[in-house]
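>>> here is the input, now give the coordinates:
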Amino acid sequence: MSGPKVSIYRVDPKITRNILEQTLCQHQMIRCAASIRGFISETDGCGYDVEKLIQGLERMQRRTGKGGDTLKALKRCYDEMQQEDSRILSELRQYGSFDDGMPVYDETALEQKKEIMRKLKKMERNVEKNFGRLHKAISAAKDEERSGREDVKKSIEGDMSGFYSFDLLAQAEKRSAESKSLEWKGRLQTVLFDDILSNDIKNNARQALQMLEQIDSEDQVQNFIVLTGTPLMTRAEEERTEYRRKCDELRQTNETLCVLMGLEAKEIPRDEREFALLEEENRNLCAAMLYQQEQTYISDRVNQVMREMGYDLIGKRDVQKRSGRRFHNDLYTFGDGKAVSVTQSSDGQITMELGGIDMQDRLPDAAEAVQLRDEMETFCHDFAEIERRLAGYGITLGTRVEMLPPNEAYAEIINFCDYEKVGDAPVHTFAEVQRGEAEQWQLTRGIEE
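This next block holds a predicted model:
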């Protein structure tokens, strides 16, 4: 039987797992590359500060003779960073855009991706370490420059530095027990109502508030601040920082997934819901991307099998119905003037049907319908071979939606003008071929007579 055939194919679980792992590797490679470029960009952004510090240290060295070692260390560090960053960027460019085109999903290809990913992660660790070294060198140079300024300016800066660097104990000594207790109650209340923080931190904050209620002397409040309040607030800030770091990682993952799928990233608020919303969105994107990759794999292998069997791709188009359902349609030659239409829908259905070619919308006449029915019977054997070869790529039948028999009722004429032409080979219509065959038959008959 070989009328229109509508099927849903499934991919071997091993290949699905390979697709997922390669996709995740690709995601990690893109993320690492973006991170590397980000660190290098930040290093370049330090150039102005480095130049100013070098000028300041050179003036200080000329006037006081101090700062020479720090100056050399800063110059050496920045020069090394620039050379290393240039080398890393050159190496990064060798990997291109990480676009596989038509990837091969086997263990060898997966290991190659993993190896690239390992190299990129090592590069990322190196540029991050180098960026930290540069920051330390810049900080040391700033400290050295400050220490060499004139006494009056240094004195003023020392006063200002002292103003901004008093610890909580120094501030506490200037306040009454009552005002300090009130301040800390307010700070602890912010911990209780911060939805980002863990229950453990909040329970500690409740206990700390109960302790404050029992305190009424300056020394007790001071001890509370040093031994309980400050460590608790430090832990709370560490949790907030870690939450922000995790959210930033999820946002990076979200952006990468959207790039891979060609989608616009959703607007997700930066609040206590951020982490949960990003996790859910990324899970949905991963599932959609895996499905998309599976369908792409099936489509690519169908195209490959058709070419292996001598079918030439001559046309393609993408269609979206009012319902939102999308279709990709490829047109392959089946002898002169005829074609096999292969349509893959967004829900995974693949339809294969044979028709005659024309340059307009029309129905086949009775004679054309009979001939197309005969061609359907011929295609039946090819269809069985197509599915056999697809199985060799791990693609097997999941659901047979329709498998209709050859019948004039299913004969159709395909309007080639609805397709984007592929290749330079001329496309002949079914009617042209029929006329040519009729003329050839008449010529042959005349010769015989």
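>>> name the residues of the one helix or strand Ala236 maps to that are buried.
With elements delineated by DSSP states H and E, Ala236 resides in helix 230-261, which encompasses its position. If you call a residue buried by 16 or more other Cβ atoms under 10 Å, then helix 230-261 has these buried ones: 232-233, 235-236, 239, 243, 247, 250-254, 256-258, 260. C-beta coordinates here come from the backbone N, C-alpha and C atoms, glycine included.
>>> what's it packed up against?
When contacts are defined as 3 or more Cβ pairs under 8 Å, 6 or more residues apart in numbering; DSSP states H and E, helix 230-261 packs onto helix 13-45, helix 177-192, helix 199-213, helix 274-308.
>>> go again with 10 Å.
Taking 3 or more Cβ pairs under 10 Å, 6 or more residues apart in numbering; DSSP states H and E as the contact definition, the neighbouring helices and strands of helix 230-261 are helix 13-45, helix 168-172, helix 177-192, helix 199-213, helix 274-308.
>>> worst mean pLDDT among these?
Set side by side, the helices and strands packed on helix 230-261 differ in mean pLDDT, and helix 168-172 is lowest with a mean of 46.
>>> which residues touch the residue positioned nearest the centre of the chain?
Centre of the chain computed as the mean C-alpha position; nearest residue by Cα atoms, centre = their mean is Thr256, 2.2 Å away. Residues touching Thr256, when contacts are defined by Cβ atoms under 10 Å, 6 or more residues apart in numbering, comprise Gln26, His27, Gln28, Met29, Ile30, Arg31, Ala34, Ala265, Asn282, Leu285.
>>> can you check Val342 too?
Residues touching Val342, when contacts are defined by Cβ under 10 Å, 6+ apart, comprise 299, 302-303, 306, 311, 313, 316, 328-332, 350-353, 386.
>>> repeat that for 6 Å
Val342 is in contact with Asp330, Met352, counting by Cβ atoms under 6 Å, 6 or more residues apart in numbering.
>>> just the one 3 residues further on next, same as before
With Cβ under 6 Å, 6+ apart as the criterion, the residues that contact Ser345 are Phe327.
>>> that one pairs with what?
Phe327 (DSSP bridges).
>>> just want the angle from the helix or strand harbouring Ile116 to helix 13-45.
Using DSSP H and E, Ile116 sits within helix 107-147. Going by axes from the mean of the first three to the mean of the last three Cα atoms, to 10 degrees, helix 107-147 is angled at 20 degrees with respect to helix 13-45.
>>> tell me what helix 107-147 is packed against?
helix 13-45, helix 47-64, helix 68-93 (3 or more Cβ pairs under 6 Å, 6 or more residues apart in numbering; DSSP states H and E).
>>> need these in TSV (columns: mean neighbour count and distance to Ala339).
Compiled in TSV, the helices and strands packed on helix 107-147 are given as follows (neighbours: other Cβ atoms under 10 Å; distance: least, Cβ to Cβ, whole Å):
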stretch	mean neighbour count	distance to Ala339
helix 13-45	17	29
helix 47-64	15	61
helix 68-93	15	43
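>>> for Gln293, which of the ones you listed is the nearest?
Among the helices and strands packed on helix 107-147, the nearest to Gln293 by Cβ to Cβ is helix 13-45 (4.9 Å).
>>> tell me which other helices or strands the closest one touches.
Under the contact definition 3+ Cβ pairs under 6 Å, 6+ apart, helix 13-45 sits against helix 68-93, helix 107-147, helix 230-261, helix 274-308.
>>> of all pairs in the contacts of Thr256, which one is the farthest apart?
Comparing every pair within the contacts of Thr256 by Cβ to Cβ identifies Met29 and Ala265 as the most remote, at 19.2 Å.
>>> where does Met352 sit: helix, strand or coil?
strand (DSSP: H, G, I helix; E, B strand; the rest coil).
>>> so it touches Lys5, yeah?
Yes. Between Met352 and Lys5 there is a contact under Cβ atoms under 6 Å: 4.8 Å.
>>> where's the closest residue to His27 other than its chain neighbours relative to Asn303, distance?
When the adjacent residues along the chain are set aside, His27 lies closest to Thr256, with 5.1 Å between them (Cβ to Cβ, 6 or more residues apart in numbering). Shown here: Thr256 relative to Asn303, a distance of 27 Å by Cβ to Cβ, to the nearest Å.
>>> list the buried residues in stretch 278-293.
Of the residues in stretch 278-293, those scored as buried under the neighbour-count criterion (16+ other Cβ under 10 Å) are Leu278, Glu281, Asn282, Leu285, Cys286, Met289, Leu290, Gln292, Gln293.
>>> nothing else from me, thank you.
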